[in-house]
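In: sequence and predicted structure below; questions after.
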Amino acid sequence: MNQYLSLKIKYISFVLMILVVILHAYNLNQYDNRESFLGFSEFVQVLFGSGIASVAVPLFFLISGYLFFFSFDTESKPFGEKIIRRFHTLVIPYLITSLWGLFVFFALQSLPYSSGYFNSGLIRDFSFNQLISTLFLHPMSYPLWFIKDLFVMTILSPVIFYGIRFLKLTFVLILFIPWVFGIDIIILSNISLPFFVTGCYLALKMPEWVILKYQSKNRYLTYVWLMLIVLRTIIEVFNLADAIVIDILHKLTILVGIVACWQLYDILFGERDVNKRNGNYLFNFTFFLFLFHEPILTVIKKMLKSILGKTEVSSLVVY
């Protein structure tokens with residue numbers, strides 16, 4: 001991988017992580033009287049959370065799929081070795097972070113000044129089976145579902161490889177069917193497999209598309225993406241169409257947004273020496289930010305909601 005592509009992936013991954021935090025900052029679902037103060041706060045949260053930030057997770061999966069098969073020689077390196085390495089880089093951090101989430105919630109539920117923010121799901125009341133399920137399958141730090149899906153797809157990597165090898169693009173398109181219709185794939189989210197496999201396909205069949213540097217004349221796609229986001233936001237906030245129309249627009253926005261974000265880096269930084277820019281060290285903390293922004297973010301939202309009250313202004317301030 002050349003230096004330009006390496007830096008591009010680091011930059012984009014860090015920005016996507018910020019978008020994930022924005023996505024999880026959404027708080028309208030925490031208010032019982034939500035209908036009474038929908039307005040500017042809802043518009044802003046839907047615009048950024050369901051709009052701009054919606055590209056983060058699928059693009060993360062796509063990049064992960066690309067990196068999995070990038071320069072991977074399936075003839076000389078068995079899949080078993082790759083899976084074992086992914087166990088160390090995915091499963092162990094998953095368990096550590098899951099334990100961290102349990103500890104944070106248990107501590108906050110036990111302290112007098114913070115216990116009042118939790119009136120259900122008390123960890124001290126969990127049975128042994130509930131603790132095991134929470135630790136391994138349903139962690140308190142809910143973003144860990146991403147890592148769980150990533151490891152499951154790592155185990156499925158031989159199937160993915162041969163599916164792409166023999167069925168080519170047809171294999172990828174088939175996997176998009178559950179995503180289009182909103183059907184989860186057994187233990188996988190419907191959004192994880194199609195985009196991960198798309199990244200695998202690009203690495204195996206179309207690597208030149210990934211290293212292609214786009215020029216500023218392609219800026220129009222960014223404008224189309226932003227217009228789709230605004231259109232979808234207006235339709236959802238003002239209830240101008242059925243849910244199926246909003247869902248179609250949402251998925252179209254994601255597909256256009258993935259390409260637009262990939263191009264946008266080239267437009268902004270294509271002719272610059274980004275390796276010498278200040279703040280590059282922050283990109284080393286992308287994975288750390290992903291692992292530990294929850295459950296801290298949820299706790300902060302709960303506390304601020306309690307302090308500021310339940311109004312449209314407070315909802316926007318918390319966001």
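Out: Cool, got the structure. Everything numeric in this text was worked out from a predicted model, so none of it was measured.

In: so who does the residue nearest to Ser192 when sequence neighbours are not counted touch?
Out: Once flanking residues are discounted, Ser192 sits nearest to Asp149: 4.0 Å by Cβ to Cβ, 6 or more residues apart in numbering. Backbone N, C-alpha and C define where each C-beta goes, glycine included. Contacts for Asp149 (Cβ atoms under 8 Å, 6 or more residues apart in numbering) come out as Phe61, Leu188, Ser189, Ser192, Leu193, Phe196.

In: which stretch of helix or strand covers Asp149?
Out: Assessed by DSSP states H and E, Asp149 sits inside helix 145-155.

In: the helix or strand just after that helix - contacts with which helices or strands?
Out: Following helix 145-155 in sequence order, the next helix or strand is helix 157-167 (DSSP H and E). Contact here means 3 or more Cβ pairs under 8 Å, 6 or more residues apart in numbering; DSSP states H and E; on that basis helix 157-167 packs against helix 79-86, helix 169-181, helix 192-205.

In: which parts of helix 157-167 are buried?
Out: Judged by neighbour count (16 or more other Cβ atoms under 10 Å), helix 157-167 contains these buried residues: Ser157, Ile160, Phe161, Gly163, Ile164.

In: same check, this time on stretch 310-319
Out: Within stretch 310-319, the residues that count as buried by 16+ other Cβ under 10 Å are Glu312, Ser314, Ser315, Leu316, Val318, Tyr319.

In: got the CA positions of that stretch in PDB?
Out: Below are the C-alpha coordinates for stretch 310-319, written out as PDB (Å, rounded to 0.1, in the frame of the first residue of the first chain):
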ATOM      1  CA  LYS A 310     -36.700  18.000  29.100                       C
ATOM      2  CA  THR A 311     -37.000  20.800  26.600                       C
ATOM      3  CA  GLU A 312     -36.200  21.300  23.000                       C
ATOM      4  CA  VAL A 313     -33.300  23.600  23.900                       C
ATOM      5  CA  SER A 314     -31.900  21.200  26.400                       C
ATOM      6  CA  SER A 315     -32.100  18.400  23.900                       C
ATOM      7  CA  LEU A 316     -30.100  20.400  21.400                       C
ATOM      8  CA  VAL A 317     -27.600  21.400  24.100                       C
ATOM      9  CA  VAL A 318     -27.100  17.800  25.100                       C
ATOM     10  CA  TYR A 319     -26.600  16.800  21.500                       C
END
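
In: let's see the least confident helix or strand in the chain by mean pLDDT as PDB, backbone CA atoms only.
Out: Across the helices and strands of the chain, mean pLDDT, DSSP states H and E gives its lowest value to helix 112-115, namely a mean of 75. This file holds the C-alpha atoms of helix 112-115, laid out as PDB (Å, rounded to 0.1, in the frame of the first residue of the first chain):
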ATOM      1  CA  PRO A 112     -25.200   7.600  45.700                       C
ATOM      2  CA  TYR A 113     -24.900  10.700  43.600                       C
ATOM      3  CA  SER A 114     -25.300   8.800  40.300                       C
ATOM      4  CA  SER A 115     -27.500   5.800  41.100                       C
END
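
In: quick check: mean pLDDT of stretch 67-81?
Out: The pLDDT scores in stretch 67-81 average 79.

In: chain center to that stretch, what's the gap?
Out: Distance of stretch 67-81 from the chain centroid (Cα atoms, centre = their mean, to the nearest Å) equals 25 Å.

In: how about stretch 13-33?
Out: Taking the mean of its C-alpha atoms, stretch 13-33 sits 11 Å from the chain's own mean (Cα atoms, centre = their mean).

In: state the mean pLDDT of that stretch.
Out: For stretch 13-33, the mean pLDDT works out to 83.

In: contacting residues around it?
Out: The contact list for stretch 13-33 (Cβ under 8 Å, 6+ apart) reads 34, 37-38, 41-42, 45, 48-50, 52-57, 59-60, 63, 143, 261, 282-283, 286, 289-290, 293-294, 297-298, 301-302, 305, 310, 315, 318-319.

In: which of those residues are buried?
Out: Applying 16+ other Cβ under 10 Å to the contacts of stretch 13-33 flags 34, 37-38, 41-42, 45, 48-50, 52-57, 59-60, 63, 143, 261, 283, 286, 290, 293-294, 297-298, 301-302, 305, 315, 318-319 as buried.
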